[in-house]
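Undergrad: Using only what follows, build the 3D model:
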Amino acid sequence: MGFFKKIFSREKKQQLDSGLQKTKEGVWSKISRAVAGKSKIDDEVLDRLEEAFISSDVGVETTLKIIERIQERVSRDKYMNSSELRDLLAEEIAAMLAENTKGETGTADFSVPQGQGHPYVIMVVGVNGVGKTTTIGKLANQYKQAGAKVVLGAADTFRAAAIEQLEVWAERAGVPLVKQKMNSDPAAVAFDTLQHAKAVNADVVIIDTAGRLHNKIGLMNELTKIKNSIRKFVPEAPQEVLLVLDASTGQNAYEQARQFVKATEVNALAVTKLDGTAKGGVVIGISDQMQIPVKYIGVGEGIDHLQIFDREEFVKTLFSTDDLK
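TA: Numbering: from 1, shown residues only. I've put the predicted structure just below:
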């Protein structure tokens, strides 16, 4: 359709196709029903599309934006049949997401961002069970494969299992882990991590934090202490405060995002477990509504199944009818 011009590697494309398969099947079955027997896009089709997007976890506000954009296109182009709907949807949704570029961090790949302080520190937040530890391990692997020296910090000292799980992922990625005993001061772990990172001249530091949100004031205070420890070594850090969300939770992911944004200065999002759910439409809604860029997506269980979120390729893949069963 001429709108998508970026080069996407075959391996990444195959990962994305596979990871979005369930969502593609779910979204397209609903869209197909919406336009069945219709020769043009009229009000009835638009109403059915609205229902299809909302039931696909795109979210009400984002869905209304999409419908409004489609209405404008149909009005401007005077006539558009339903066979052109796929390209129209992909173009308008990608364009809408491209408008949310404010506050983006890092680069379009896993190269270390320059001019933002050294090392580049990523502080990872999110509730338990969303794939936070897994995402940290995959991030470490991707940055290491890109040639960066990576250090992990186990500052989630609230659960012994969190430290153990991070140890496993550190070993898989082949990167060092700085840890202390359970119930140690998370800020002290962050301090030790940065101290070690500086000593070995690390390029990237990824710090895990406690996965709980029942007390926003306590969480805010804890995260502030961790930040202060980090900034003793790198005044600009953490350059990235990454909130991990589970796509399979659908609308609950929105609420988690809102609560964490209130508790700390989140400036990047990672949406995980896309391969195991038909609710991948939540990525569109979160990217649009939160005004915080989705930076990473998890599209499989493998250590290399974490991608930098490419809006255009994501939407292109989502609205492709290739390989649909």
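Undergrad: In what element of secondary structure is L219 found?
TA: Assigned by DSSP states H and E, L219 falls within helix 216-231.
Undergrad: Show me what the following helix or strand past that helix is in contact with.
TA: Following helix 216-231 in sequence order, the next helix or strand is strand 240-246 (DSSP H and E). The contact list for strand 240-246 (C-beta atoms under 8 Å, 6 or more residues apart in numbering) reads 105-106, 120-126, 129-132, 135, 253, 256-257, 260-261, 264-273, 286, 292, 295-296. The way it works is simple: take the backbone N, C-alpha and C, and place the C-beta from them, glycine included.
Undergrad: Off-centre distance for the helix holding L219?
TA: 22 Å (C-alpha atoms, centre = their mean, to the nearest Å).
Undergrad: got the angle between that helix and strand 240-246?
TA: Angle of helix 216-231 versus strand 240-246, following axes from the mean of the first three to the mean of the last three C-alpha atoms, to 10 degrees, is 140 degrees.
Undergrad: Please enumerate the strands of the protein.
TA: 120-125, 150-154, 177-178, 204-208, 240-246, 268-272, 294-298, 306-308 (DSSP state E).
Undergrad: Would you reformat those strands as CSV and include distance to I41, mean neighbour count and mean pLDDT?
TA: Shown next, in CSV, are the strands of the chain (distance: least, C-beta to C-beta, whole Å; neighbours: other C-beta atoms under 10 Å; pLDDT from 0 to 100):
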stretch, distance to I41, mean neighbour count, mean pLDDT
strand 120-125, 42, 26, 96
strand 150-154, 49, 28, 98
strand 177-178, 54, 21, 98
strand 204-208, 46, 29, 97
strand 240-246, 32, 25, 94
strand 268-272, 30, 25, 93
strand 294-298, 28, 24, 92
strand 306-308, 32, 21, 93
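Undergrad: Can you check which of these gets nearest to I66?
TA: Closest approach to I66 among the strands of the chain is made by strand 294-298 (16.6 Å; C-beta to C-beta).
Undergrad: List the strands paired with that closest one, with their directions.
TA: As defined by DSSP bridges, the strand partners of strand 294-298 come to strand 268-272 (parallel), strand 306-308 (antiparallel).
Undergrad: Lovely, talk soon.
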